[in-house]
Each structure stands twice: as structure tokens, then as C-alpha cells.
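Trainee: sequence first, then the predicted structure, then my questions.
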Amino acid sequence: MPKAKHYDAIVIGSGQAGGPLSTTLARAGWKAALVERKHVGGSCVNEGCTPTKTMVASARVAYLARRGADYGVRTGPVSVDMVKVRQRKRAIVEMFRGGSQRGIEKTDGVDLLFGEASFTGSKALEVRLNDGGTLALTADKFFINTGTRASQPPIEGLKAVPRLDNSSIMELDTVPEHLLVLGGGYIGLEFGQMFRRFGSRVTIVQMGKQLLAREDVDVAEEVAKILREDGLEVLLETTTLRANQSADGGIELRVRTAEGERTLAGSHLLVATGRVPNSDMLNLSAAGVETDSRGFIKTNGRLETNVEGIYALGDVKGGPAFTHISYDDFRLIRTNLLQNGNATVDGRLVPYAVFMDPQLGRVGLSEQEARAQGRKFRVAKLKMTSVARALETDETRGFMKAVVDAETNQILGAAVLGIEGGEVMSVLQMAMMGKVPYTAIRDGVFAHPTMAESLNNLFMAMDRK
């Protein structure tokens with residue numbers, strides 16, 4: 001065996017933490033290697049945020065085109081060219097991916113290796129290169145940023161039927177006649193509404209009592225109402241018993257609902273029931289790295305595993321699975337290793353947005369979480385039908401909601417389900433970060449007519465109760 005090549009640091013996975021970490025360490029004088037199995041950029045650039053939001057934009061154009069008459073604009077029949085939608089999506093992905101890869105390759109001190117990494121010891125790796133051959137590598141520190149992949153629920157017959165996941169569904173070149181969606185989480189809802197707008201019949205099958213299980217009940221109910229208005233069939237408290245392929249090549253799901261058993265027949269099936277970590281191929285046992293029962297790597301607040309010198313960043317460690325959290329994990333490591341800081345994930349605000357239409361922007365505590373913590377709080381709530389900008393644009397579905405500490409007047413959390421909900425949520429997040437009391441926003445002067453201006457009315461409505 002050739003002698004192992006040694007690095008100061010080896011980063012496994014080029015997601016939103018791994019890519020910038022490798023170049024940052026190199027610029028600081030570290031000798032680094034970045035091992036990537038397939039594409040630079042991780043799931044966000046290649047199968048997640050970038051391609052899905054590109055396709056969501058196409059779906060929204062189709063939606064608005066069909067609504068032209070509502071605005072006094074006459075349009076003809078609307079059809080969707082999925083090949084063009086896919087081409088546009090691929091072009092943007094390739095642009096983002098290529099830019100990231102070129103940035104890494106141009107950075108002195110980083111070796112970009114394409115292959116499959118597995119530990120052979122606590123300080124050693126074997127990399128099976130995609131173009132053939134195997135490398136033996138050692139390092140002082142390792143950073144695991146390998147992300148997650150779609151899970152497959154244990155449903156009878158599921159493995160034997162054609163099925164789509166969050167990646168393969170974006171490669172369709174025709175609009176499905178009837179898309180069945182297993183799972184009522186973020187991924188299922190974004191794709192479900194998207195393909196309904198492209199022209200598919202869509203049925204969402206959710207085992208739980210509500211969509212978006214982590215959200216407040218009123219938020220989840222409003223989301224279901226919006227989707228049903230858009231023509232989606234939403235089945236709650238529905239268990240999938242069996243899957244099989246019909247004689248015509250379609251998909252049949254036998255399900256149990258509150259009213260009894262029934263069979264759903266569709267042309268395509270999207271499985272969106274959760275994610276599993278890409279930790280099973282790393283041979284973590286050879287390094288002694290501990291995982292939980294689901295395979296997520298255990299870390300402390302500084303992202304350290306139980307093995308000194310080995311860290312885990314992003315989705316593979318469990319917790320909030322968002323691109324911006326992965327990038328913040330990189331910043332935490334940078335602060336602690338290069339700037340002699342003492343950063344931790346403790347108390348970190350976790351904002352996110354569900355890119356259905358209208359968007360759901362969320363940050364901080366929900367009402368049910370505040371109640372579970374025994375907080376003394378008040379709730380501000382305003383329907384979008386009371387927002388001037390929403391009325392002017394004829395986008396009045398949803399509401400905004402904030403949870404406020406009853407004693408300090410600090411905003412504890414917010415949910416904004418409405419046009420540009422993610423952007424409006426970010427205004428409230430900034431207030432939370434700056435410890436700005438809700439009264440300052442209530443009395444603030446915002447440009448008219450903007451969505452942010454409605455925050456005046458949101459908090460005035462609470463004070464009138």
C-alpha cells in the first residue's frame with residue numbers, strides 16, 4: 001500500500017458548510033482536502049433549494065397566467081412545457097454548481113477529490129475515486145458534511161413500484177396526469193402545489209392529523225385550506241397500507257382513512273416522508289464516532305463528535321435541516337478554530353420558509369412551543385385580507401402571527417403565511433436579533449404601501465384585544 005497522504009484537515013462533503021470551510025481553512029494556511037461523492041454544492045444547489053425554487057417560479061407564472069382575468073388581463077389557454085421548465089432548472093443548477101467548483105479549484109491549498117470516503121481509523125480515510133483507484137489519507141481534523149437523502153417508508157409493495165423522490169421528480173419531461181404524494185411536510189407540499197399548477201391532479205396522503213406537523217394547528221389548517229382551494233386533494237389521518245402497479249402502468253395505493261379503506265389510483269408517486277442521514281457509508285465505527293438510533297451523528301454545541309478532532313456539520317448531525325443552518329455551522333467552526341472564539345449552536349434562532357404559494361415564513365417559538373415551555377405570552381394575529389398591499393395585488397390568502405412575551409414585550413416567534421411571507425418574517429427576525437420590543441414595530445414608520453407596513457396593524461390588533 002502507498003503511504004497515506006497527510007492533511008491538516010479533510011472535509012467530507014461539499015455542501016453549504018463543507019465547501020466554504022475547505023477554502024477558508026486553506027486561505028488560513030491549512031493544507032486541506034475536500035472529498036465529494038458526486039456534485040459540488042450539496043443538496044441545496046443540486047437537488048434542493050436552487051432547482052425547486054426555480055421550478056416553483058415557473059409554476060407561479062402558470063398560476064398567474066390562469067388568473068389573468070382577475071386582474072383584467074385576457075390570456076389564452078395556458079399550457080406547460082416541462083422540457084423547457086427542466087432546461088431552465090438545469091441551467092441555473094449548472095451555473096451555481098460550476099461557480100462553486102471553480103471557486104474551490106482556484107483556491108491554493110485545497111485538493112478537491114471526487115469519490116466515496118470511509119474511515120479506516122480515527123485519523124484515517126480511504127477514498128474510492130470515481131475515476132478509479134483508491135487513496136489513503138490521514139488528517140489532524142475531519143469535518144463531516146455529507147447531508148441526507150430521501151427515506152423509504154416500510155410500506156408493503158413500495159419497493160416494487162416506480163416512485164419518485166425530491167430529485168427524480170424534477171427530471172420529468174411531461175406533466176403527470178395524477179400525482180400521488182406520500183407525506184405532508186415541506187417537500188410534499190411544495191411539489192404537490194407546483195405540479196397542480198403545472199396541470200396535474202394531485203392527492204396528498206398524510207398520516208398525521210395535520211399538514212406540517214411542527215406548525216401550530218391554525219397555521220396547518222390554513223395551509224390545507226389554501227391547497228384545497230388550489231384543487232389538491234388533501235387526505236389527513238390516512239395510513240398507506242399497500243402499493244402496487246396497475247395493469248396500465250399506474251400506481252395504486254391502498255389506504256385507511258377515518259371513513260374506512262379506499263384505493264387511490266395515480267399515474268405517478270412521489271415519496272416525501274422524511275430524510276435519512278448519509279452516515280451509513282462512512283464506516284464511522286472504524287473511527288469510533290457515535291450516532292443516534294436513526295444514524296444522525298451526535299455532536300455537542302460546538303459541533304464536536306465524541307472523537308477528538310472529528311466534527312459534523314449540516315443535516316447529517318440532525319436538528320434543523322436547512323441550508324442556512326449548515327452555512328452557520330461553517331461560521332461557528334471558523335469562529336472557534338480560526339478566531340479563537342467560543343461559539344455554540346445554543347440559543348441559535350432558526351428561521352425558515354416553506355415555498356408554497358403563499359409562502360410560510362417561520363422563526364422562533366410557535367404558540368404551542370411557548371405554551372409547552374410555560375411562558376407568559378400574548379398572540380398577535382392579522383388576516384391578509386386586512387393588509388393593503390395584499391388587497392392591491394389580490395393575494396389575500398393566509399395570515400401573520402407573532403408570539404410576544406407578556407412581561408418584556410420581546411417577540412418570541414412569528415409565522416407569516418402570505419405573499420412574500422419569508423421576507424416579512426425576516427423583518428420580525430431582525431427585531432428579535434436586536435431585542436426590539438413589539439411596541440417599536442407597532443409605532444414604526446414603514447414605507448406605504450408595503451407588506452412590512454402591515455406589521456403596524458399586526459401589533460395594534462393585539463393591543464386592541
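Mentor: Nice, I can see it. Residues are numbered from 1 along each chain as shown.

Trainee: do you know the pLDDT at residue 206?
Mentor: Per-residue confidence at residue 206 stands at 98 (pLDDT).

Trainee: next one: it from residue 151, what distance?
Mentor: 15 Å (C-beta to C-beta, to the nearest Å). From N, CA and C alone the C-beta is placed, and that goes for glycine too.

Trainee: residues in contact with the helix or strand containing residue 311: which ones?
Mentor: Assessed by DSSP states H and E, residue 311 sits inside strand 310-312. Strand 310-312 is contacted by residues 122, 141-145, 287, 289, 297, 299, 303-305, 333 when judged by C-beta atoms under 8 Å, 6 or more residues apart in numbering.

Trainee: quick one: least confident of those residues?
Mentor: Among the contacts of strand 310-312, residue 122 carries the weakest pLDDT, at 92.

Trainee: tell me which residues touch that one, please.
Mentor: 286-288, 307, 309-310.

Trainee: do residue 47 as well
Mentor: So residue 47 contacts 166-167, 170 (C-beta under 8 Å, 6+ apart).

Trainee: quick one: which of the residues you listed is nearest to residue 392?
Mentor: residue 170 (33.6 Å; C-beta to C-beta).

Trainee: quick check, central residue of the chain?
Mentor: The centroid of the chain falls nearest to residue 322 when counting by C-alpha atoms, centre = their mean (4.9 Å).

Trainee: sorry, back to before: output the contacts of residue 122 as JSON lines; include the columns distance to residue 392 and neighbour count.
Mentor: Formatted as JSON lines, those follow (distance: C-beta to C-beta, whole Å; neighbours: other C-beta atoms under 10 Å):
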{"residue": "286", "distance to residue 392": "61", "neighbour count": "15"}
{"residue": "287", "distance to residue 392": "58", "neighbour count": "23"}
{"residue": "288", "distance to residue 392": "60", "neighbour count": "13"}
{"residue": "307", "distance to residue 392": "57", "neighbour count": "16"}
{"residue": "309", "distance to residue 392": "57", "neighbour count": "15"}
{"residue": "310", "distance to residue 392": "54", "neighbour count": "24"}
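
Trainee: from these, pick the one nearest residue 19.
Mentor: Distances from residue 19 to the contacts of residue 122, taken by C-beta to C-beta, are shortest for residue 310, at 18.8 Å.

Trainee: and the closest one, bridged to which residues?
Mentor: Residue 310 has the following beta-bridge partners by DSSP bridges: residue 142.

Trainee: where do the helices sit along this protein?
Mentor: Ranges of helices within the chain are 18-27, 42-46, 49-66, 82-105, 186-198, 217-229, 284-287, 323-338, 367-372, 388-393, 421-433, 438-442, 454-463, based on DSSP state H.

Trainee: so which of those helices gets nearest residue 359?
Mentor: Of all the helices of the chain, helix 421-433 comes closest under C-beta to C-beta, at 3.7 Å.

Trainee: tell me where this structure is predicted with low confidence.
Mentor: Along the chain, segments meeting pLDDT under 70 span 1-2, 465.

Trainee: ok so, going back, by neighbours, which of the contacts of strand 310-312 wins?
Mentor: residue 144 (31 neighbours; other C-beta atoms under 10 Å).

Trainee: that older thread, state the distance from the nearest residue to the residue nearest to the centre of the chain once chain neighbours are set aside to residue 36.
Mentor: Nearest residue to residue 322, sequence neighbours excluded (C-beta to C-beta, 6 or more residues apart in numbering): residue 352, at 5.2 Å. Residue 352 sits 25 Å away from residue 36, going by C-beta to C-beta.

Trainee: also residue 375?
Mentor: Relative to residue 36, residue 375 is positioned 43 Å away (C-beta to C-beta).

Trainee: so between these two, which is more surrounded?
Mentor: residue 36 (27 against 15).

Trainee: which residues does the more buried one bridge with?
Mentor: With DSSP bridges as the rule, residue 36 is bridged to residue 114.

Trainee: residues in contact with it?
Mentor: 13-14, 18, 112-115.

Trainee: closest one of these to residue 79?
Mentor: Closest approach to residue 79 among the contacts of residue 36 (C-beta to C-beta): residue 14, at 38.0 Å.

Trainee: for the closest one, the count of nearby residues, please.
Mentor: Under the neighbour criterion other C-beta under 10 Å, residue 14 is assigned a count of 30.

Trainee: go ahead and confirm it touches residue 38.
Mentor: No - applying C-beta atoms under 8 Å as the test, residue 14 and residue 38 come out as separate, 9.3 Å apart.

Trainee: hmm, back to that, buried subset of the contacts of residue 47?
Mentor: Those of those that meet the buried threshold are 166, 170, by 16 or more other C-beta atoms under 10 Å.

Trainee: for residue 254, name its beta-bridge partners.
Mentor: residue 242, residue 263.

Trainee: quick one, what contacts it?
Mentor: 240-244, 261-263.

Trainee: out of the residues you listed, which are buried?
Mentor: Among the contacts of residue 254, the ones that count as buried by 16+ other C-beta under 10 Å are 240, 243.

Trainee: same list (the contacts of residue 254) but as a markdown table, adding distance to residue 181.
Mentor: Listed next are the contacts of residue 254 as a markdown table, based on distance: C-beta to C-beta, whole Å:
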| residue | distance to residue 181 |
| --- | --- |
| 240 | 11 |
| 241 | 17 |
| 242 | 17 |
| 243 | 13 |
| 244 | 17 |
| 261 | 19 |
| 262 | 16 |
| 263 | 16 |
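
Trainee: quick one: which of the contacts of residue 254 is nearest residue 402?
Mentor: residue 240 (36.6 Å).

Trainee: contacts only, for that closest one.
Mentor: By C-beta under 8 Å, 6+ apart, residue 240 lies in contact with 153, 155, 182, 205, 207, 253-255.

Trainee: likewise for residue 28?
Mentor: Here residue 28 is in contact with residue 338 (C-beta under 8 Å, 6+ apart).

Trainee: next one: phi and psi at the closest residue to residue 407 other than its chain neighbours?
Mentor: Counting by C-beta to C-beta, 6+ apart, residue 407 lies nearest to residue 376, which is 6.0 Å off, once chain neighbours are set aside. Residue 376 adopts backbone torsions of phi -90, psi 110, taken as degrees, to the nearest 10.

Trainee: what's the burial count for residue 376?
Mentor: 9.

Trainee: ok, it - contacts?
Mentor: By C-beta under 8 Å, 6+ apart, the contact set of residue 376 is 405-407.
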